[in-house]
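Colleague: Mind looking at a prediction? Sequence and model below.
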Amino acid sequence: MLAELFHLVGDNRKDVDLTWAFIRSGAITVLPISDRDLPDIEALMRKYHDRPMDFADATLVHLAQREVLSTVFTIDHDDFETYRVGGRKRLRILPSR
């Protein structure tokens, strides 16, 4: 999620500007969610209620499933090492530990 990217970047204006340039370069794709995605996101939050899975995590996992992606960008390694897509498939987490 972009929120995590900007959290990692911090408040330095130059770093923020470089991050926006990186996003606009097309190196990453920002995927939309709609009302149709909400039931699946809610189901994920219920499935992983013991973590607990928040909305941001559920959205990333849902988009990975929906778009058949195997890599996510997150700083939340502990939870994302638990989450699965497509049944039992683990996600590749960037940045790595």
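Modeller: That came through fine. Residues are numbered from 1 along each chain as shown.

Colleague: Can you spell out the domain ranges of this structure, please?
Modeller: Taking automatic domain parsing as the criterion, the chain consists of the domains 1-30, 33-97.

Colleague: what would those look like in CSV with mean pLDDT and mean neighbour count?
Modeller: (C-beta placed from N, C-alpha, C; glycine too.) Formatted as CSV, those follow (pLDDT from 0 to 100; neighbours: other C-beta atoms under 10 Å):
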stretch, mean pLDDT, mean neighbour count
domain 1-30, 90, 11
domain 33-97, 93, 14
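
Colleague: Can you name the residues bridging to Val72?
Modeller: Beta-bridge partners for Val72, by DSSP bridges, are Ile93.

Colleague: For Val16, see how far away it is.
Modeller: According to C-beta to C-beta, to the nearest Å, Val72 and Val16 sit 22 Å apart.

Colleague: what does Asp50 give?
Modeller: 36 Å.

Colleague: again, but for Leu2
Modeller: Taken as C-beta to C-beta, the span from Leu2 to Val16 is 12 Å.
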